[in-house]
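In: 3D, please:
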Amino acid sequence: MDREELLHATPEDSREPQKKQESPLVSLEKDLEFYADAIKEVAIEIMVEGISAHPIFIAHQHEVNIGEMILNKEELNTDWTIQASTLEEFVEKGIISKERKEPFLKVYKKPEDFMCVFVIVPEGANFIYYPYKKGRR
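Out: Numbers count the residues shown, from 1 in each chain. The predicted structure is shown next:
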């Protein structure tokens, strides 16, 4: 198999697939940078009010039925909507099984320094940890 077959490209349009296949995480990183202060404020509020010691934020581009919307992409003219949730809600809804709760807590990063983001894309979903002040450590 040659390179064109692997990349689903022909020599004429070899530049095109790279443009189309730009990861949605590129726009997510831009939005998280833009949203960072607001997300941190909500995370602190969740912890201070005793709602949870483990805030989780959901980043999506469609509609989801978990958490509460805090940043709407339509209103803010961005690519991603952010909803606020908690570890407890994720366990309650079965997104994190009761058996996986302890292993999850072992890797959960300090919420004062990192936002825990559950990123939902058409191909699936995964957790990422994004620092509030990237590169300022």
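In: gap between residue 82 and residue 101?
Out: According to CB to CB, to the nearest Å, residue 82 stands 23 Å off from residue 101. Placement of C-beta: from N, CA and C, glycine included.
In: which stretches of the protein have low pLDDT?
Out: 1-22, 134-137 (pLDDT under 70).
In: Longest helix in it, please.
Out: Counting residues, the longest helix found in the chain (DSSP state H) is helix 24-48.
In: and the direction of the helix or strand that that helix is followed by versus that of helix 24-48, what angle?
Out: Next helix or strand after helix 24-48 toward the C-terminus (DSSP states H and E): strand 55-60. Interaxial angle of strand 55-60 relative to helix 24-48 (axes from the mean of the first three to the mean of the last three CA atoms, to 10 degrees): 150 degrees.
In: mind listing what strand 55-60 pairs with, with the direction of each?
Out: Within its sheet, strand 55-60 is paired with strand 81-86 (antiparallel), strand 114-121 (parallel), according to DSSP bridges.
In: Let me have the ones you listed in a markdown table, adding distance to residue 53 and mean neighbour count as columns.
Out: As requested, the strands paired with strand 55-60 are arranged in a markdown table below (distance: least, CB to CB, whole Å; neighbours: other CB atoms under 10 Å):
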| stretch | distance to residue 53 | mean neighbour count |
| --- | --- | --- |
| strand 81-86 | 9 | 22 |
| strand 114-121 | 12 | 20 |
